[in-house]
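Novice: mind looking at a prediction? Sequence and model below.
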Amino acid sequence: MATDQNKFQAIISHCKEYGFIFQSSEIYDGLSAVYDYGQYGAQLKKNIRDYWWKSMTQMHENIVGIDAAIFMHPTTWKASGHVDNFSDPMIDNKDSNKRYRVDHLIEGFAETLEADAAAALIAQMEELLKENDFAGLKKLIEDNKIKCAVSGTVNWTDVRQFNLMFSTQLGSVSEEASEIYLRPETAQGIFVNFLNVQKTGRMKIPFGIAQVGKAFRNEIVARQFVFRMREFEQMEMQFFIRPGTQKEWYAYWKEERMKWHKSLGLNPANLQYHDHVKLAHYADAAVDIEYNFPIGFKEVEGIHSRTDFDLSQHQQYSGKKLQYFDPEINQNYIPYVVETSIGLDRCCLMILSEAYEEQDLSTAEKQDSRVVLKFPAKLAPIKLAVLPLTKKDGLPEIARELMAECKQHFYCYYEEKDSIGKRYRRQDAIGTPFCVTIDHQTKEDGTVTIRHRDSMAQERVPMAQVKEIVMKKIME
Ligand code: GAP
C-alpha cells in the first residue's frame, strides 16, 4: 500500500513549527492522543466548521442547528447501546503489555505488504470482524506472524472487547455522585432533542438537525496525529424521514456529502467511498468517505442509515413518546434517520495534507525552496498579509490604512520586519493566499504589488482594489 510516512511526519512538524497544532500539555511531556490547536490551526478549524455549518443550516431551509451539552443523563447511553456495544476487539502483547485494536494491528501490518496480499488480508479480517470471530482474528494475527512494535514478539493474549467511553462522577458529595459518561458522539444530543426542535420549530418531515461539538473516546491505539484522538470534534447531522424512504435519502446524502468534499478543492482522485462490511449496532446501511492521506486512504466521514433505532430506544427507556404526526399520510410514526457524521480534526488533517507542498525553486544561480500550504482561500487562516517595504518614509502608515479597511472583512496580518522574500516565505508556510507590498511607488500613484501564493506571480494594482480582489477569491 502506497503511503508516505515522510510526508506525514513533515506535516506534523510543520504544524508544530508554524502554530497549527501542538501536542497537549507539551511541557509535561504531552498527553497521548490529545492535541491543542495553535493560532493558525484554531482559525483553520473554525473556517472549516463555519463552512460546514453554513452548508448544512443556512443552505438547507429544512435543517436547523443546535448546541447540546456534553454531559447527558446516563440512561442515554444505555438506550443508545453504547454501554453494551461501544467496544472494539483488542489484543494485548504479553511481553510489552501493549494493547492494540485488532483491526489497526492488522491494517498496520497490511501496509507493509504488496497491494494484492494486503487486500486479501484485509478481506479476511473484515469477514472475521463481521462474524465477531475473535478466535479467528487471533489465529489470523498469529498465522501472519504479526509482531508487537514494542516487544517485537508474537506472544498475544486472546482477543477481547473493551468499551471506549470515558466515565466521570457528577455531584460533589461522593455518596450523591452518580457515574456519567463523556459523550462518545454528538448524535445522541440531537436524538433526545428531536421533539423539542420539531415542536418549537414546527418542522415538517423530512428535516434535519445539525450539531458541532466535542466527543470523547478512550482510543487504545493512540497514534496518527489528529487522525485518532481521545478528545475530538464531530460535525453531525441527523435527517429525520418517513419510514420506507431511507434508501433514497441515504443515496441522496451519500452524493451530497461527496459534493461537499469536492467543493473544498480536493482532488477527486483523493476521495473514495468505502461501504461498511460490519455495520454498527444502529445501522442498516453505512458508507465512509475516505481521503487519501499520506498514510493511505482513511475514513473522514460516515453516512449511516440508522433506521428508527435511536428514537425507538429513547422512547422505550424514557417512557416518553417520540413520535411524529405526518399530516400528509395522516399517521403517527417514529421517524427513520439518515446521519452524516464527519470528524472536524480529520477534516483539518485532510485539508493540511492536500495543501502541503515542498517546492524546489532552485535556479542555475541559486538554491531555493519553499514549503507552501495551498489552502482554498475560504479556509486559509489569514487571507491577506500587508507588508510595507521599509519601516520608514510613511510606508507603514499607508499599510495601516489598508489594514484598517480590510480587517473588518477578513483576517489580515501586518509585518514590517525582515526582507520581503523572507516575509513571503513565512506567509506561504501558513497558507496566506495574498501578500501586498507597499513601496515608494504607492506614495506616488496609489498602487501596490499583490503577490499570489500559488503562482508567486506579482502584479501592480490600485490599493483601492485589494479588498475586492481578496473578497472575490474568498467567495469562490
Ligand atoms: N454518530 C456516528 C459516529 O460517531 P463514527 O464513524 O464513529 O460515527 C464519525 O464517527 C466520525 O468522527 C468519523 O468519520 C471520524 O471522522 C470522526 N472520529 C471518530 N473517532 C475519532 C477519533 N478518535 N479521533 C478523531 N476523529 C474521530
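Specialist: Sure, I can see it. Numbers count the residues shown, from 1 in each chain.
Novice: list the residues that contact the residue of the stretch 201-350 of the chain found nearest the ligand.
Specialist: Each residue of the stretch 201-350 of the chain has a distance to the ligand, by C-beta to the nearest ligand atom, and the smallest belongs to Gly343, at 2.4 Å. (C-beta placed from N, C-alpha, C; glycine too.) Gly343 makes contact with Phe232, Glu233, Gln234, Met235, Val300, Glu301 under the criterion C-beta atoms under 8 Å, 6 or more residues apart in numbering.
Novice: for it, list each beta-bridge partner.
Specialist: Counting by DSSP bridges, Gly343 is bridged to Gln234.
Novice: any idea how far it lies from Glu233?
Specialist: 7 Å (C-beta to C-beta, to the nearest Å).
Novice: what do you get for Trp77?
Specialist: As defined by C-beta to C-beta, Trp77 lies at a distance of 19 Å from Glu233.
Novice: so stretch 49-67, near the ligand or not?
Specialist: No. Using C-beta under 6 Å from any ligand atom, stretch 49-67 stays clear of the ligand, with a minimum separation of 12.1 Å.
Novice: can I get that stretch in PDB? Just the C-alpha atoms.
Specialist: Output in PDB follows, covering the C-alpha atoms of stretch 49-67 (Å, rounded to 0.1, in the frame of the first residue of the first chain):
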ATOM      1  CA  ARG A  49     -16.500  24.300  11.000                       C
ATOM      2  CA  ASP A  50     -18.200  27.500   9.700                       C
ATOM      3  CA  TYR A  51     -18.200  26.300   6.200                       C
ATOM      4  CA  TRP A  52     -19.800  23.000   7.200                       C
ATOM      5  CA  TRP A  53     -22.400  24.800   9.400                       C
ATOM      6  CA  LYS A  54     -23.300  27.200   6.700                       C
ATOM      7  CA  SER A  55     -23.600  24.400   4.100                       C
ATOM      8  CA  MET A  56     -25.900  22.400   6.400                       C
ATOM      9  CA  THR A  57     -28.000  25.000   8.100                       C
ATOM     10  CA  GLN A  58     -28.000  28.300   6.000                       C
ATOM     11  CA  MET A  59     -28.100  26.400   2.700                       C
ATOM     12  CA  HIS A  60     -30.800  23.900   3.700                       C
ATOM     13  CA  GLU A  61     -34.100  25.500   4.700                       C
ATOM     14  CA  ASN A  62     -35.200  22.300   6.400                       C
ATOM     15  CA  ILE A  63     -32.000  21.800   8.600                       C
ATOM     16  CA  VAL A  64     -31.500  23.700  11.900                       C
ATOM     17  CA  GLY A  65     -28.500  23.700  14.200                       C
ATOM     18  CA  ILE A  66     -28.400  23.100  18.000                       C
ATOM     19  CA  ASP A  67     -25.700  23.000  20.700                       C
END
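Novice: give me the mean pLDDT for it.
Specialist: Confidence for stretch 49-67, expressed as mean pLDDT, is 98.
Novice: would you mark the buried spots in that stretch?
Specialist: If you call a residue buried by 16 or more other C-beta atoms under 10 Å, then stretch 49-67 has these buried ones: Arg49, Tyr51, Trp52, Trp53, Ser55, Met56, Thr57, Ile63, Val64, Gly65, Ile66.
Novice: report the beta-bridge partners for the nearest residue to Ser87 once chain neighbours are set aside.
Specialist: Closest residue to Ser87 apart from its sequence neighbours, by C-beta to C-beta, 6 or more residues apart in numbering: Gln161 at 4.1 Å. Note on Gln161: beta-bridge partners Pro89, judged by DSSP bridges.
Novice: Gln161 and Pro89, how far apart?
Specialist: Distance of Gln161 to Pro89, computed by C-beta to C-beta: 6 Å.
Novice: likewise Thr186?
Specialist: When C-beta to C-beta is applied, the distance between Thr186 and Pro89 equals 25 Å.
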